[in-house]
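Q: 3D model of this:
(2 chains)
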Amino acid sequence: MNKHVIETYERGWMLFSLAMILVFLVFIGYTLSGFAFYVPTAAERIDPTTVRTGGFPTPHVEKVGPGKYQAYVIAQAFTFLPNEMHFKVGDEVTFYVTSPDVQHGFYVHGTDINVQVIPGEIAKVKTKFKRPGTYLIICTEYCGIGHQNMLGKIVVEE
Amino acid sequence: MATLARKDEYADFPVKKVSLYYITLAFVALLIGTLFGPFQAFNYAGVNLYPALEKLLPFIKSYYQGLTLHGVLNAIVFTQLFAQGALLYLQSREMRMLPQMGVAWFSWWLAFVGLVMAAIPLLLNDATVLYTFYPPLKGHPLFYIGAALIIVSSLVTVYLSVELWARWKRQNPGKPTPLVSYMSVVTWMMWAVAAVGLVVEAVVLLIPWSLGWLKGVDPLLARTLFWWTGHPIVYFWLLPAYVTWYGLLPKHAGGKLFSDPLARLVFLAFLIFSSPVGFHHQFADPGIDPFWKLVHTVLTMMVAVPSLITAFTIAASLEITAREKGGRGVIGWVAKLNWKDPIVLASVLGAISFIVGGAGGIVNASFTLDYVVHNTTWIPGHFHLPVATAVTLTHMGLALVLIPHLTGKPVVRLPLARAGIVLWFVGMMTMAVGMHVMGLMGVPRRAWISNMAPNVQGAYSEAASMMVLNGIAGAILLIAATLIFYVIFATLLQSRRLPPAERPEVGFSEAISGPEGRRSVMVMDRLFFWWGLAYVIVFAVYLPTIVRIWSTFVSAPGFRLW
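A: This next block holds a predicted model:
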């Protein structure tokens, strides 16, 4: 095979690589502009030793408007508080999640919610439940010997 | 006069001996780390073998302890030690000059002492913090100090490589650095840019905290510093394998490298783009501004380009080689490659796995897509392709050439090693498929799911069929590892040595398009400039976030929860 033929292919491949990367970036930009409310942001920083003593609200779910809820969740070794939440299809829920001990995960399987729960951070993340069913909440960060048992659930009814 | 003193087999080129020490220690670490691998795989098949293991090795208390050993020894220790041994040797050999030998031995001893120090708490279950050691999980101080010494050893090797290169440049003014040496020096410079985060994390935060001098650490700050190093460390694992793919593979396959200047461009791109990308491991972290996450996303995508070019160049070099030997057909030419050479077999299989691994990596780096897979089994499924397959196989292939070359000891039963290499590839690919799909089904990574409490058992029953793949892969990989390690250690431990004239050579690639007379090559050879530029970029994309977090330092006390 001729060297110059390969050099032509090579230039073509480099251009294709760059174009492909550009297309991916455009897609990422598009999803960010439209649907990125599931990207966790920091509500505020908190001293983790105060999470259970008044620095953070008692874990609960609160109705803040028609079909709109706020959920205050503590992820701790080795459970979520509250460990079970109930919503209706179409409800829009903003979760505030933090940890009083080590890092945990707050992954709601079947949604795009996947938060690294870090002591010192109150994470804020929002989703809308579109289908009925039971959604597992899974701790996705190693947090100690009982990590595999750290599961909760969200029940969404019609 | 008859003498009982043993002949120094390495007297002709003493760097051989220190390289051999690095490589041997690397494979001892890999052997121990790898033995835990099948236990991990069986865990994800739903089979808990840890109680059985504890009967055999009473100091191994849990899956998590085994996983910590597996990650630290394989991903951190093996990769670094092998790079230290192989790159230092290849550079010295190509330049026909010795590195500062006293410093080289000092660096080996640092790594050895660090490894022993870190191994004690790991084996005693006092540092079951996994290889990411995220605070506020708090391990024994010896673990952090030992790990820091291993990193310091790598930085001493940075000095060795750069000093050797600078000395060569002074003695050869106006000449371009030879290719393998260029790639080695750039790898070490890249690592020196990458390592800043981990060094600061260990020295300023983790060591003082573990010793009780610091009440608490900021977990987000520690994570951010960790991932400053934690992503480019992947390129620190990968680039030594690329050195083999570019610098040795074409020669061992019986042909030439397609383009020398392009290989240099690829490495230079890694020097500049490897480090400012860590936030793509922190997409799920609150407390990092989405704007900076996007900047890191763009730079991560850029760093995919040199790997895409590598895929083309390596494949093109092999195809030209095979066609010159009479290979035909769209893919029929592959039959003409010199598959008996372990470098060819292991590198090509490794490179194939890397195509899948690279594609998965682009998914992980895609800001808004990552939430589907973050910290699920998709992630270890992904990184077992580039690291445990591409890099590890390539290093195994190189070791099977380098060990006989360094020692004069012929490889014992090479066909067993070849079979092991093929099985390793098959096992890893099988496991990766299973873990990727399980991840999409929501199964979390690093979880002892074969040992779940009764009230949550069956949570991942949807993934059962994929779990079977893990079990099969675990068994295949156990056989593969047995074969490969048998050959490597049987070769090292025999007393037979070939006479000098019969010892195998390590072949350096020649290029079809060489570096001579290219202005671009001389511009790329100004490495201190590019090295400085890499530092400027990494500080620019990290300092705003680090300063902001540090100025609101959260003091989190430590926990031991294992």
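
Q: ok now do residue B:121, which residues does it touch?
A: Listed by CB atoms under 8 Å, 6 or more residues apart in numbering or on different chains, the contact set of residue B:121 reads B:127, B:139, B:140, B:142, B:143. Where C-beta positions appear, they are placed from N, C-alpha and C, glycine not excepted.

Q: count of residues packed around residue B:258?
A: Residues near residue B:258, counting by other CB atoms under 10 Å in any protein chain shown, number 27.

Q: how about it, phi and psi?
A: phi -70, psi -50 (degrees, to the nearest 10).

Q: ok, it touching residue B:317?
A: Yes. Between residue B:258 and residue B:317 a contact is recorded at 4.5 Å, counting by CB atoms under 8 Å.

Q: returning to what we had before: can you add secondary structure, distance to residue B:68 and neighbour count and give the contacts of residue B:121 back as a markdown table?
A: As requested, the contacts of residue B:121 are arranged in a markdown table below (DSSP: H, G, I helix; E, B strand; the rest coil; distance: CB to CB, whole Å; neighbours: other CB atoms under 10 Å in any protein chain shown):
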| residue | secondary structure | distance to residue B:68 | neighbour count |
| --- | --- | --- | --- |
| B:127 | coil | 7 | 30 |
| B:139 | coil | 9 | 24 |
| B:140 | coil | 12 | 20 |
| B:142 | helix | 14 | 20 |
| B:143 | helix | 9 | 26 |
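
Q: Next one: residue B:79 from residue B:73, what distance?
A: 10 Å (CB to CB, to the nearest Å).

Q: ok, residue B:198 touching residue B:223?
A: No. Using CB under 8 Å, residue B:198 makes no contact with residue B:223, being 11.7 Å away.

Q: neighbour-wise, which of the two wins?
A: Between residue B:198 and residue B:223, residue B:223 has the larger neighbour count (other CB under 10 Å), namely 25 against 22.

Q: element containing the more buried one?
A: helix B:219-230 (DSSP states H and E).

Q: what sits up against that helix?
A: With CB under 8 Å, 6+ apart, helix B:219-230 has contacts from A:103, A:116, A:118-121, B:132-136, B:194-201, B:205-206, B:275, B:278-279, B:281-282, B:285, B:287-288, B:538, B:542, B:545-546, B:549-550, B:553-554, B:556.

Q: tell me the angle of the following helix or strand past it relative to helix B:219-230?
A: Counting by DSSP H and E, the next helix or strand C-terminal to helix B:219-230 is helix B:232-247. Orientation check (axes from the mean of the first three to the mean of the last three CA atoms, to 10 degrees): helix B:232-247 against helix B:219-230 gives 10 degrees.

Q: and residue 30, how many residues sit next to it?
A: You didn't pick a chain, so chain A it is. Counted with other CB under 10 Å, residue A:30 comes out at 11.

Q: Chain B, not that one
A: 25.

Q: Surely it touches residue B:75?
A: No. Applying CB under 8 Å as the test, residue B:30 and residue B:75 come out as separate, 10.1 Å apart.

Q: For the closest residue to chain B within chain A, which non-adjacent residue is closest in space?
A: Here the residue of chain A nearest chain B is residue A:144; by CB to the nearest CB that distance is 2.8 Å. Closest residue in space to residue A:144, ignoring its immediate chain neighbours: residue B:561 at 2.8 Å, by CB to CB, 6 or more residues apart in numbering or on different chains.
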